[in-house]
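A.B. asks: quick check, what structure comes out for this input:
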Amino acid sequence: MIIGAERKEARQQGGTEAWTTVKRGLSLSPEIRKGMLFTFALASVATAGRIIIPVGIQQILDGGLSEGGADMTFVGRMALVSLLAVVITAIATGLMHLRLAVTSEVALSNLRVRAFRHIHDLSMLHQASEQRGVLVARVTSDIDQISRFMQWAGLMILVNGGQAILAMVVMAAYSWQLFLTVVALLPVILFSIRWFQKRLAAAYLVVREKVGRMLGALAEAVAGASVIRAYGIEDRVRADLGRVIEEHRAAAVRAGGMTSGFSGVSELLTSAVTAAVLVVGTVLAVGGDTSVGTVVAFIFLVQLMIVPIQLFGEAINEAQGAAAGWKRVLDVLDIPPDVADPGPDGIDIPSGSLGIRFEGVTFRYPRPGEAARDATGTTALEDVSVELAPRSHVAVVGETGSGKTTFAKLATRLMDASEGEVLLGGVDVTRVRFSSLRHRVVMVPQDGMLFRGTILENVQMGKPGVARADVEQAFVSLGLTGWLSELGQGLDTPVGERGGSLSVGERQLVTLVRAAIADPDLLVLDEATSAVDPATEVRISRALGSLTEGRTVITIAHRLSTAEAADRVLVFDLGRIAQDGPHRRLVGEPGPYRHLHEAWERGAVKQPTRSR
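C.D. replies: From the prediction side, this is the model:
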């Protein structure tokens with residue numbers, strides 16, 4: 001009894017939560033609510049119109065036919081009324097479908113945009129902590145689930161539910177004896193449908209899981225084709241693929257068999273109800289308690305009642321899926337953006353050369369559910385205070401995990417400090433509008449991320465709307481026209497997905513030109529000369545020389561040759577600035593920088609050149 005009560009309470013709580021979610025979702029999608037009464041009116045007309053046909057048949061059989069013959073005037077009038085009802089029903093149904101399709105897609109596309117923008121407003125730290133596939137699913141499959149419900153299941157519940165209720169009302173008005181005959185068999189129908197629906201839902205859940213595993217295995221096999229061939233493990237991969245494909249086949253066959261069984265039982269039950277109506281109706285008609293037209297109308301009404309009931313369980317499952325999808329989307333929207341744009345209340349960075357100052361800055365990684373200012377996790381930076389002069393070139397060095405990347409992300413406001421302030425041009429960075437910040441401050445990451453399209457399109461992302469001639473001039477100013485001409489298609493060269501058609505070094509060259517087009521006052525570089533061939537490294541170094549001229553530059557230096565050329569070196573150790581000064585002085589002092597430089601020199605010994 002206790003377990004049953006707990007299950008009942010859980011179902012009630014789940015139903016309440018689902019209803020709350022749907023109400024909140026509708027509040028965020030005013031396009032759906034707009035014109036809702038008109039949609040209900042169309043649904044009412046579509047529902048009532050379906051009942052007209054059985055009523056018309058009853059009227060024709062009972063009022064238009066007699067022993068003396070047929071009253072063709074009456075039959076024609078009723079046929080015309082029935083035809084008119086069919087036309088009106090078709091028009092109302094079409095308009096209802098059209099309105100729901102348009103309004104739901106408009107509303108859900110706006111919801112997608114809102115969710116996507118909110119994800120972009122989250123800090124890099126939060127995005128890194130989430131699986132990207134999960135975030136993508138929030139604006140794709142979860143909202144698709146809501147769309148299916150709005151255009152199919154929701155419509156089915158609305159129209160077919162009203163149809164079943166109206167059919168039962170008409171049946172009760174025609175003959176209470178036949179109505180009770182149908183009602184007596186209704187519990188058997190409901191029990192059978194519910195029994196099958198539970199098992200079908202479980203069976204197709206297994207199918208979806210197997211589909212996910214199969215697609216995952218296929219994607220991994222395609223993406224890793226070169227590794228598979230290199231290690232000669234084709235047989236093993238084929239065996240793994242064969243297993244997951246067979247599991248999917250077996251699950252789909254089981255679900256299909258159960259669906260066939262459900263269809264057969266549904267037809268059997270419908271036939272049983274129809275037969276019962278015919279038997280009881282015949283007895284009543286012979287006794288004069290009902291008419292032939294009423295019995296025939298009942299047969300049609302039984303169909304109009306049972307079919308919606310058969311589909312109702314599937315519609316409820318879709319509704320539960322839509323509520324779950326809506327909740328997942330709302331969960332993303334409920335995440336407070338810890339790097340929020342102050343918007344109209346913000347200010348612009350003062351014009352002119354840009355300096356940056358850290359005042360008592362501490363950064364702790366937030367635990368799940370914590371905001372940046374309330375973070376209690378691992379400390380990455382602790383009480384950092386430093387000022388970088390305008391147009392200075394500062395190298396940031398340190399061992400892995402010392403805090404140098406965190407320093408750069410705080411400077412560009414990809415994350416916010418837990419304590420202290422970061423000031424750009426004397427202004428607290430949290431008060432600066434994103435439009436001003438992203439125009440004046442640019443970070444070039446080490447991985448050289450490119451988007452599908454051409455080199456021209458990727459460079460133009462640095463300054464939307466920039467002319468092709470300006471892009472060409474940027475390549476000239478960075479000394480990269482020779483490399484560009486080697487590509488054959490020049491600026492129109494496709495870069496492939498994530499820039500895969502270009503080498504690592506070539507992707508870095510494109511990102512440098514993109515930064516040059518943006519023309520920032522503060523440039524943050526994450527060592528753009530690592531993992532490239534010597535010729536490309538020379539090109540990158542020359543491009544960097546032109547790009548950094550006249551700007552404030554912070555470089556996360558992995559190769560200490562970069563630190564040697566900098567005006568100033570910040571040495572991070574365990575989240576603090578351990579040393580600060582020019583390379584020449586630091587390399588001669590005992591401390592972490594000298595150890596790093598000595599280790600780098602030992603690893604940077606040049607290999608002997610090959611004789612030609």
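
A.B. asks: for stretch 272-279, what is the average pLDDT?
C.D. replies: Averaged across stretch 272-279, pLDDT comes to 84.

A.B. asks: residues contacting that stretch, please?
C.D. replies: By C-beta atoms under 8 Å, 6 or more residues apart in numbering, the residues outside stretch 272-279 that reach it are 178, 181-182, 185, 189, 295, 298-299, 302, 306. Quick note: C-beta positions are derived from backbone N, CA and C, even for glycine.

A.B. asks: ok, Lys210 to Ala202 distance?
C.D. replies: 13 Å (C-beta to C-beta, to the nearest Å).

A.B. asks: of these two, who's got more company?
C.D. replies: The residue with more neighbours, out of Lys210 and Ala202, is Lys210; 20 against 12, by other C-beta atoms under 10 Å.

A.B. asks: hang on, isn't that one packed against His248?
C.D. replies: Yes. Contact criterion C-beta atoms under 8 Å: Lys210 and His248 qualify, at 4.0 Å.

A.B. asks: what's the overlap in contacts for these two?
C.D. replies: With C-beta under 8 Å, 6+ apart as the test, Lys210 and His248 reach no residue in common.

A.B. asks: and Thr493, backbone torsions?
C.D. replies: Torsion angles at Thr493 (phi, psi; degrees, to the nearest 10) stand at phi -70, psi 120.

A.B. asks: so what's the residue count around it?
C.D. replies: Thr493 sits with 18 neighbouring residues when counted by other C-beta under 10 Å.

A.B. asks: what sits against it?
C.D. replies: Applying C-beta under 8 Å, 6+ apart to Thr493 gives the contacts 454-455, 487, 501.

A.B. asks: which of those residues sits closest to Leu241?
C.D. replies: Proximity of those to Leu241 (C-beta to C-beta) peaks at Ser501, which lies at 27.7 Å.

A.B. asks: where does that closest one fall, secondary structure wise?
C.D. replies: Ser501 belongs to no helix or strand when assigned by DSSP states H and E.

A.B. asks: with adjacent residues omitted, what lies nearest to it?
C.D. replies: Val495 (5.4 Å; C-beta to C-beta, 6 or more residues apart in numbering).

A.B. asks: can you get me a residue count around that neighbour?
C.D. replies: For Val495, the number of neighbouring residues by other C-beta under 10 Å comes to 21.

A.B. asks: for it, what are its contacts?
C.D. replies: Counting by C-beta under 8 Å, 6+ apart, Val495 touches 450-455, 458, 501-502, 507, 510.

A.B. asks: recalculate using a threshold of 7 Å.
C.D. replies: By C-beta atoms under 7 Å, 6 or more residues apart in numbering, the contact set of Val495 is 450, 453-455, 458, 501-502.

A.B. asks: buried ones among these?
C.D. replies: Taking 16 or more other C-beta atoms under 10 Å as the criterion, what is buried in the contacts of Val495 is 450, 455, 458, 501-502.

A.B. asks: I'd like those written out as CSV, with distance to Leu42 and pLDDT added.
C.D. replies: Formatted as CSV, the buried ones among the contacts of Val495 follow (distance: C-beta to C-beta, whole Å; pLDDT from 0 to 100):
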residue, distance to Leu42, pLDDT
Leu450, 49, 82
Ile455, 52, 85
Asn458, 48, 88
Ser501, 52, 79
Leu502, 55, 81
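
A.B. asks: most widely separated two among the residues you listed?
C.D. replies: Asn458 and Ser501 (11.5 Å).

A.B. asks: got a winner among the contacts of stretch 272-279 for most neighbours?
C.D. replies: Counting neighbours by other C-beta under 10 Å, Phe298 leads the contacts of stretch 272-279 with 29 neighbours.

A.B. asks: quick check: what element follows the helix or strand where that one lies along the chain?
C.D. replies: For Phe298, the host element (DSSP H and E) is helix 292-333. Next helix or strand after helix 292-333 toward the C-terminus (DSSP H and E): strand 356-364.

A.B. asks: tell me the strands beside that next one, with direction?
C.D. replies: Within its sheet, strand 356-364 is paired with strand 379-388 (antiparallel), strand 419-424 (antiparallel), according to DSSP bridges.

A.B. asks: just send these back as JSON lines, with mean neighbour count, mean pLDDT and distance to Ala90 too.
C.D. replies: Converted to JSON lines, the strands paired with strand 356-364 look like this (neighbours: other C-beta atoms under 10 Å; pLDDT from 0 to 100; distance: least, C-beta to C-beta, whole Å):
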{"stretch": "strand 379-388", "mean neighbour count": "18", "mean pLDDT": "89", "distance to Ala90": "65"}
{"stretch": "strand 419-424", "mean neighbour count": "18", "mean pLDDT": "90", "distance to Ala90": "64"}
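
A.B. asks: quick one: contacts for Asp374?
C.D. replies: Counted by C-beta under 7 Å, 6+ apart, Asp374 has zero contacts.

A.B. asks: and the gap between it and Phe407?
C.D. replies: For Asp374, the distance to Phe407 - C-beta to C-beta - is 21 Å.

A.B. asks: ok, now Thr181?
C.D. replies: Relative to Phe407, Thr181 is positioned 81 Å away (C-beta to C-beta).

A.B. asks: next one: Gly462
C.D. replies: Using C-beta to C-beta, we find Gly462 at a distance of 23 Å from Phe407.

A.B. asks: next one: Ile556
C.D. replies: In this view, Ile556 and Phe407 are 8 Å apart by C-beta to C-beta.

A.B. asks: also Trp483?
C.D. replies: 32 Å.

A.B. asks: which one's more surrounded, these two?
C.D. replies: Phe407 (26 against 17).

A.B. asks: got the buried ones among the contacts of Val495 as TSV, with distance to Val75 columns?
C.D. replies: TSV is the format used below for the buried ones among the contacts of Val495 (distance: C-beta to C-beta, whole Å):
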residue	distance to Val75
Leu450	74
Ile455	76
Asn458	73
Ser501	74
Leu502	78
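
A.B. asks: which ones are touching Ala557?
C.D. replies: Ala557 is in contact with 395-397, 527, 563, counting by C-beta under 7 Å, 6+ apart.

A.B. asks: of those, which is the nearest to Tyr231?
C.D. replies: Closest approach between those and Tyr231, by C-beta to C-beta: Glu527, at 31.6 Å.

A.B. asks: and the helix ranked longest in the chain, how far out from the chain middle?
C.D. replies: Across the chain, the helix with the greatest residue count (assigned by DSSP state H) is helix 234-286. Distance, stretch centre to chain centre, for helix 234-286: 34 Å (C-alpha atoms, centre = their mean, to the nearest Å).

A.B. asks: again, but for stretch 75-87
C.D. replies: So, by C-alpha atoms, centre = their mean, the centroid of stretch 75-87 is 49 Å from its chain's centroid.

A.B. asks: can you check stretch 78-98 too?
C.D. replies: That offset, for stretch 78-98, works out to 39 Å (C-alpha atoms, centre = their mean).

A.B. asks: got the CA coordinates for it in PDB?
C.D. replies: Extracted in PDB, the C-alpha atoms of stretch 78-98 (Å, rounded to 0.1, in the frame of the first residue of the first chain):
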ATOM      1  CA  MET A  78     -29.900  16.200 -46.200                       C
ATOM      2  CA  ALA A  79     -27.200  15.100 -48.700                       C
ATOM      3  CA  LEU A  80     -26.500  18.800 -49.500                       C
ATOM      4  CA  VAL A  81     -26.300  19.600 -45.800                       C
ATOM      5  CA  SER A  82     -23.900  16.700 -45.200                       C
ATOM      6  CA  LEU A  83     -21.800  17.800 -48.200                       C
ATOM      7  CA  LEU A  84     -21.700  21.400 -46.900                       C
ATOM      8  CA  ALA A  85     -20.600  20.100 -43.500                       C
ATOM      9  CA  VAL A  86     -17.800  18.100 -45.100                       C
ATOM     10  CA  VAL A  87     -16.500  21.100 -47.000                       C
ATOM     11  CA  ILE A  88     -16.700  23.400 -43.900                       C
ATOM     12  CA  THR A  89     -14.900  20.600 -41.900                       C
ATOM     13  CA  ALA A  90     -12.200  20.300 -44.500                       C
ATOM     14  CA  ILE A  91     -11.600  24.000 -44.600                       C
ATOM     15  CA  ALA A  92     -11.600  24.400 -40.800                       C
ATOM     16  CA  THR A  93      -9.200  21.400 -40.500                       C
ATOM     17  CA  GLY A  94      -6.900  22.800 -43.100                       C
ATOM     18  CA  LEU A  95      -6.800  26.300 -41.600                       C
ATOM     19  CA  MET A  96      -6.200  24.800 -38.100                       C
ATOM     20  CA  HIS A  97      -3.300  22.700 -39.300                       C
ATOM     21  CA  LEU A  98      -1.800  25.700 -41.200                       C
END
